[in-house]
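**Student:** Structure for this input, please:
(one chain, ligands or ions: 1)
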Amino acid sequence: MAEFLETNRVVIVGAGLGALYAALELSPLPVLMISPVSVGSGASSAWAQGGVAAAMAEYDSPEAHAEDTIAAGAGVVDPEIAALVTSEARNHILELAALGTPFDRDAEGRYVLNHEAAHSAPRVVRVRGDQAGSKIMERLLAAVSVCPSVQILEGVVATGLCSEGERVHGVELMHANGGGERRQLLCPAVLLAGGGVGGLYAKTTNPKEIRGEVLGLAIRAGAEVRDAEFVQFHPTAIDLGLDPCPLATEALRGAGGLLLNSEGERFALKADPRGELAPRDIVARSIFAEEQAGRAPVLDVRAAIGSEMAERFPTVTASCLRGGIDPAHEPIPVTVAAHYHMGGVAADAWGRTSLSGLWACGEVACTGLHGANRLASNGLLEALVFARRAANDIVKSVRNCSAKDEIEIDFGETAPDVPHNDAAIASLRELMSRDVGVVRTQVGLERAVHEITRLMNTHTHDVRFLNMCYAALAIAEAALAREASCGSHFRADECNAIAQDLTQATVREPT
Ligand SMILES: Cc1cc2nc3c(=O)[nH]c(=O)nc-3n(C[C@H](O)[C@H](O)[C@H](O)COP(=O)(O)OP(=O)(O)OC[C@H]3O[C@@H](n4cnc5c(N)ncnc54)[C@H](O)[C@@H]3O)c2cc1C
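**Tutor:** A predicted model of the protein is given here:
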């Protein structure tokens with residue numbers, strides 16, 4: 001490994017919502033943000049469609065929001081964390097609005113609120129229909145671009161942590177194109193904000209940069225991980241053969257969109273009287289069963305939204321048109337895709353992990369907010385709340401760093417590209433979807449653990465792939481250990497009628 005670098009900047013791994021919000025909060029403390037691609041791309045945050053859950057209406061309250069969060073999480077949510085996050089939600093919305101986020105308002109200036117699945121009331125603030133993520137990110141990027149304490153290193157990835165025992169004192173970095181050597185960067189504090197694990201699966205709604213690498217590198221350093229088995233699969237990813245799959249936001253179902261199979265049946269009602277607005281895991285399993293039975297599920301918004309589609313849901317409309325479907329006049333083919341990781345690096349109410357010098361926020365962290373099943377639109381909210389709390393805690397712990405110490409890190413010229421390990425990545429993604437997906441069994445999970453371990457042993461030279469494998473293994477092992485179904489984690493070896501249906505439809509031996 002090449003010689004190490006040193007900085008007094010706080011290093012933030014990632015450049016999504018959690019990272020940008022934390023960087024602003026840390027100001028004037030000097031920060032170095034690591035982004036694999038141009039900042040603003042490669043982050044799930046910019047793709048968020050629905051919005052941010054927050055009790056903004058007079059009929060609503062943080063307590064009701066917390067109750068819905070706890071109910072959706074299937075008994076695994078930490079109630080104190082749910083109370084804390086929901087009580088802070090309103091302030092974050094007001095501050096994003098003050099930064100210039102153009103939240104949708106009605107004629108009286110009240111926030112327009114979407115009703116999403118498993119919320120007891122309309123509660124999701126939105127921006128220009130389905131553009132919440134990109135518009136919020138736009139405002140944060142504008143603020144960061146004029147914040148002199150923040151340096152952004154683009155085209156670079158974190159591949160590891162520098163640690164001694166339980167103390168983290170730096171990160172290991174390399175150029176994202178694989179060229180050149182890995183280098184250690186010693187720093188006073190590291191905040192992980194590297195997003196989720198969607199790209200570990202063959203079908204995902206996440207950008208391709210989001211594939212569990214940051215979770216994996218934390219595991220290698222010995223950080224405690226919690227609830228890794230809980231992966232949320234989105235029921236209505238648009239099935240037009242694209243990778244990643246574009247998303248058809250849940251707000252479409254909130255607006256009256258219907259799920260139909262090829263026989264014209266409203267199949268979601270069979271699984272739950274709430275039908276299309278049942279919790280995400282229930283709807284996902286219904287869609288999955290229809291797919292496996294060959295009854296091509298679709299989302300039909302023609303009657304509910306029709307010609308207003310382009311104006312109310314421009315992002316979804318554009319994705320459909322790219323795939324040759326006009327959603328105002330044709331049903332949208334849908335599939336189930338890995339969407340959100342409830343588990344992650346265990347973090348407390350201040351984003352502190354089990355290792356000193358290491359904090360985590362956003363999707364890479366597990367704070368206990370989501371339990372076994374995230375309530376819709378609580379993801380952005382969690383990133384906001386814990387980015388701020390982690391930043392405040394970091395400020396206290398690295399008080400002696402000088403705000404004037406702003407020497408920029410020079411990571412050197414990019415070396416020529418080294419080809420990605422595409423075949424191995426494809427094998428990993430296929431096996432995760434097959435054996436650690438919507439429906440799981442002991443046999444499949446044992447096979448997954450075995451195959452992931454084999455992949456790790458045959459690709460020891462590729463640290464980024466190894467990080468992916470460590471994350472995948474943590475998910476598979478936790479899923480194997482949890483023998484009973486819970487929220488998004490569904491074990492078909494449990495004895496009930498739906499399980500048998502799904503088992504017959506899905507558990508195939510590998511060819
Ligand atoms: C299509 C879609 C729609 C969604 N809609 C909503 C919604 O409406 N409401 C809601 O609340 N949530 C929604 N979510 C979830 C929400 O967007 C995420 O949970 C949230 O944005 C996570 O923010 P983050 O900052 O933790 O991660 P991200 O925004 O994903 O950022 C992670 C960052 O880490 C970087 N990174 C990855 N690997 C490395 C590495 N090795 N080294 C350095 N950097 C790395 C990435 O490039 C990226 O910059 C949606 C997600 C998707 C995919």
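
**Student:** Roughly how far does residue 329 sit from residue 248?
**Tutor:** Residue 329 is 15 Å from residue 248, where distance means C-beta to C-beta, to the nearest Å. For glycine as for every other residue, the C-beta is placed from the backbone atoms N, C-alpha and C.

**Student:** between the two, who's got more neighbours?
**Tutor:** The neighbour count for residue 329 versus residue 248, taken as other C-beta atoms under 10 Å, is higher for residue 248 (29 against 10).

**Student:** Might one say that residue 8 is in contact with residue 32?
**Tutor:** No - counting by C-beta atoms under 8 Å, residue 8 stays clear of residue 32, with 9.8 Å between them.

**Student:** Find residues that contact each of those two.
**Tutor:** residue 187 (C-beta atoms under 8 Å, 6 or more residues apart in numbering).

**Student:** With neighbour numbers in mind, choose between those two.
**Tutor:** Applying other C-beta under 10 Å to residue 8 and residue 32 shows that residue 32 carries more neighbours, namely 24 against 19.

**Student:** got a list of contacts for stretch 62-80?
**Tutor:** 53-55, 82-83, 85-87, 89-90, 118-121, 123, 227, 230, 279, 342, 349, 367-375, 378, 486-487.

**Student:** Chain neighbours aside, what residue packs nearest to the one residue in the stretch 51-200 of the chain that gets nearest to the ligand?
**Tutor:** Nearest to the ligand in the stretch 51-200 of the chain, going by C-beta to the nearest ligand atom, is residue 195, at a distance of 2.8 Å. The shortest distance from residue 195 to any non-neighbouring residue, by C-beta to C-beta, 6 or more residues apart in numbering, is to residue 210 (4.5 Å).

**Student:** Equivalent analysis for residue 16, please.
**Tutor:** Nearest residue to residue 16, sequence neighbours excluded (C-beta to C-beta, 6+ apart): residue 43, at 3.4 Å.

**Student:** Correct me if wrong: the one you found contacts residue 14.
**Tutor:** Yes - judged on C-beta under 8 Å, residue 43 makes contact with residue 14 at a distance of 7.4 Å.

**Student:** Now for these two: what residues contact both?
**Tutor:** In contact with both residue 43 and residue 14: residue 195, using C-beta under 8 Å, 6+ apart.

**Student:** Tell me where the model's unsure across the chain.
**Tutor:** 1-2, 400-406, 495-511 (pLDDT under 70).

**Student:** Which residue ranges make up the domains of it?
**Tutor:** As recorded under automatic domain parsing, the domains making up the chain are 1-230+342-406, 236-337, 422-506.

**Student:** if you compare these, which one is most tucked away?
**Tutor:** Across the domains of the chain, averaging neighbours per residue (mean count of other C-beta atoms under 10 Å) puts domain 1-230+342-406 on top, at a mean of 22.

**Student:** OK, contacts around residue 488?
**Tutor:** Residues counted as contacts of residue 488 (C-beta under 8 Å, 6+ apart) are 230-233, 280-281, 284, 342, 372-373.

**Student:** Mind putting the residues you listed into JSON lines with distance to residue 415 and secondary structure?
**Tutor:** Shown next, in JSON lines, are those (distance: C-beta to C-beta, whole Å; DSSP: H, G, I helix; E, B strand; the rest coil):
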{"residue": "230", "distance to residue 415": "39", "secondary structure": "coil"}
{"residue": "231", "distance to residue 415": "35", "secondary structure": "strand"}
{"residue": "232", "distance to residue 415": "38", "secondary structure": "strand"}
{"residue": "233", "distance to residue 415": "38", "secondary structure": "strand"}
{"residue": "280", "distance to residue 415": "43", "secondary structure": "helix"}
{"residue": "281", "distance to residue 415": "44", "secondary structure": "helix"}
{"residue": "284", "distance to residue 415": "42", "secondary structure": "helix"}
{"residue": "342", "distance to residue 415": "38", "secondary structure": "coil"}
{"residue": "372", "distance to residue 415": "44", "secondary structure": "coil"}
{"residue": "373", "distance to residue 415": "43", "secondary structure": "coil"}
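
**Student:** For the one residue in the stretch 251-400 of the chain that gets nearest to the ligand, give me phi and psi.
**Tutor:** For the stretch 251-400 of the chain and the ligand, the shortest gap (C-beta to the nearest ligand atom) falls at residue 362, measuring 2.1 Å. Phi and psi for residue 362, reported as degrees, to the nearest 10, are phi 80, psi -160.

**Student:** same deal with residue 59?
**Tutor:** phi -80, psi -10.

**Student:** Verify the stated contact: it with residue 120.
**Tutor:** No - assessed by C-beta under 8 Å, residue 59 is found out of contact with residue 120, at 10.2 Å.

**Student:** what is residue 52 paired to in the beta sheet?
**Tutor:** Counting by DSSP bridges, residue 52 is bridged to residue 125.

**Student:** Could I get the full set of helices for the stretch 201-350 of the chain?
**Tutor:** Taking DSSP state H, counting those that start in this stretch to define them, one finds helices in the stretch 201-350 of the chain at 213-220, 251-254, 268-271, 280-292, 309-312, 314-322.

**Student:** Make JSON lines from the ones you listed and add distance to the ligand to it.
**Tutor:** Output for those, formatted as JSON lines (distance: least, C-beta to the nearest ligand atom, whole Å):
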{"stretch": "helix 213-220", "distance to the ligand": "4"}
{"stretch": "helix 251-254", "distance to the ligand": "8"}
{"stretch": "helix 268-271", "distance to the ligand": "20"}
{"stretch": "helix 280-292", "distance to the ligand": "11"}
{"stretch": "helix 309-312", "distance to the ligand": "15"}
{"stretch": "helix 314-322", "distance to the ligand": "9"}
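
**Student:** Need these in a markdown table (columns: distance to residue 97).
**Tutor:** Listed next are the helices of the stretch 201-350 of the chain as a markdown table, based on distance: least, C-beta to C-beta, whole Å:
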| stretch | distance to residue 97 |
| --- | --- |
| helix 213-220 | 30 |
| helix 251-254 | 20 |
| helix 268-271 | 35 |
| helix 280-292 | 27 |
| helix 309-312 | 21 |
| helix 314-322 | 21 |
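
**Student:** how about the ones you listed, which one is nearest residue 439?
**Tutor:** Of all the helices of the stretch 201-350 of the chain, the one in closest proximity to residue 439, counting by C-beta to C-beta, is helix 280-292 (6.7 Å).

**Student:** Just the ones in helices from the contacts of stretch 62-80, please.
**Tutor:** 82-83, 85-87, 89-90 (DSSP state H).

**Student:** Quick check: the farthest pair among the residues you listed?
**Tutor:** Using C-beta to C-beta, the ones in helices among the contacts of stretch 62-80 span at most 15.0 Å, a distance reached by 82 and 90.

**Student:** OK, contacts around residue 484?
**Tutor:** Taking C-beta under 8 Å, 6+ apart as the test, what residue 484 contacts is 491, 494.
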